[in-house]
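> output the structure for:
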Amino acid sequence: MKNIMIAIIATLLVSASAQAAIKIDGRQARNMDDVHSLGVIYINHNIATEQEADRALSQESDAQGAKYFQPILVHEPGSDGLIHASAALYR
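Numbering: from 1, shown residues only. Below you'll find the model as predicted:
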């Protein structure tokens, strides 16, 4: 019984990670012929690091059903280095 539970959990973890949206850059987005734009998402809170921005954008991209996301990060002048993040989504 314990082995069956371990196998089920492992399968769920693998399938969950397989669904994660893939981060791409502008060049990759321009060269992908088989993708469709889903629009742009905006993260409505200040973010301190690019890693936090990528994590938040990836999670929101997954929630929107995107296969790829292209981050658009803006450092706001006078905001103590905080980042406002958005991303173009593709399927």
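> quick one: low-confidence parts of the protein?
Scanning the chain for pLDDT under 70 picks out 1-18, 79.
> what ranges does it have for its strands?
Taking DSSP state E as the criterion, the chain carries its strands at 22-23, 37-47, 68-75, 83-90.
> tell me the buried residues in the longest one?
Buried residues in strand 37-47, counted by 16 or more other CB atoms under 10 Å: 38, 41, 43, 47. Any C-beta I mention is one placed from the backbone N, CA and C, and that applies to glycine too.
> before we move on, the earlier item: which one, of the strands of the chain, ends up nearest to A29?
A29 lies closest, by CB to CB, to one member of the strands of the chain: strand 68-75, at 4.9 Å.
> circling back: can you redo the strands of the chain as JSON lines with distance to R55?
Output for the strands of the chain, formatted as JSON lines (distance: least, CB to CB, whole Å):
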{"stretch": "strand 22-23", "distance to R55": "10"}
{"stretch": "strand 37-47", "distance to R55": "9"}
{"stretch": "strand 68-75", "distance to R55": "11"}
{"stretch": "strand 83-90", "distance to R55": "10"}
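> with adjacent residues omitted, what lies nearest to I22?
Excluding the flanking residues, the one nearest I22 by CB to CB, 6 or more residues apart in numbering is Y68, at 5.1 Å.
> would you confirm that that neighbour contacts L89?
Yes. At 7.4 Å, Y68 counts as touching L89 under the criterion of CB atoms under 8 Å.
> more neighbours, these two?
L89 (23 against 19; other CB atoms under 10 Å).
> is the more buried one in a bridge, and if so with what?
G39, F69 (DSSP bridges).
> mind checking how far it is from K67?
9 Å (CB to CB, to the nearest Å).
> between the two, which contacts overlap?
A21 (CB atoms under 8 Å, 6 or more residues apart in numbering).
> and stretch 60-77, what's buried?
So, applying 16+ other CB under 10 Å, buried residues of stretch 60-77: 60-61, 66-72.
> residues touching the residue nearest to I22, list them.
Contacts of Y68 by CB under 8 Å, 6+ apart are 21-24, 28-29, 32, 35, 61, 89-91.
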